[in-house]
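Asker: heads up, no residue letters with this:
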């Protein structure tokens, strides 16, 4: 439930290994694994979702420009914005190595195949 996720975010779980300059907790991936393990003893679904949200937020933190970090991460850390990803295709399920979709750069945009 979104209200539960936002309560967790108020405790620092919306950006566990996100840098502190944008509101993250600044902890390590090991710290996050221990937190997710402990949360999973109570509710595996909430723990798994927080793990996915943190992974998505980390990608913005690690690879986004300073402008993107400042624009997106405060809302993600507070879980005012909620992030997720999709990792599946017909015939491959969630086996990332079997995915056949690709993105090819074409000038200033990408073509999805």
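Answerer: Yep, that arrived. Worth saying up front: this structure is predicted, and the values here are computed from it rather than measured. Numbers count the residues shown, from 1 in each chain.

Asker: Just the helices from this structure, written as ranges.
Answerer: Taking DSSP state H as the criterion, the chain contains helices spanning 2-10, 29-40, 44-63, 66-77.

Asker: could you give the angle of the second one to helix 2-10?
Answerer: Between helix 29-40 and helix 2-10, the angle formed by their directions is 140 degrees, by axes from the mean of the first three to the mean of the last three C-alpha atoms, to 10 degrees.

Asker: Give me the residues contacting helix 29-40.
Answerer: 13, 16, 17, 46, 47, 48, 50, 51, 54 (C-beta atoms under 8 Å, 6 or more residues apart in numbering). Where C-beta positions appear, they are placed from N, C-alpha and C, glycine not excepted.

Asker: contacting residues for the nearest residue in space to the last one that is not next to it in sequence?
Answerer: It stands for residue 54. Closest residue to residue 54 apart from its sequence neighbours, by C-beta to C-beta, 6 or more residues apart in numbering: residue 16 at 5.3 Å. Going by C-beta under 8 Å, 6+ apart, residue 16 touches 24, 25, 27, 31, 32, 35, 54.

Asker: For residue 87, see how far away the second one is.
Answerer: When you say that, I think you mean residue 25. 25 Å (C-beta to C-beta, to the nearest Å).

Asker: ditto for the fourth one
Answerer: With distances defined as C-beta to C-beta, the gap from residue 31 to residue 87 amounts to 24 Å.

Asker: Stretch 100-113: end-to-end distance?
Answerer: 8 Å (C-alpha to C-alpha, to the nearest Å).

Asker: Name the residues of it that are buried.
Answerer: Using 16 or more other C-beta atoms under 10 Å as the test for burial, stretch 100-113 gives no buried residues.

Asker: so how far is it off the chain centroid?
Answerer: Computed by C-alpha atoms, centre = their mean, to the nearest Å, the chain-centroid distance of stretch 100-113 equals 22 Å.

Asker: List the contacts of the nearest residue to residue 22 once chain neighbours are set aside.
Answerer: With C-beta to C-beta, 6+ apart as the criterion, residue 22 has its nearest non-adjacent residue at 3.9 Å, and that residue is residue 73. If a contact means C-beta under 8 Å, 6+ apart, then residue 73 has 15, 18, 22, 23, 24, 57, 60, 61, 64 as its contacts.
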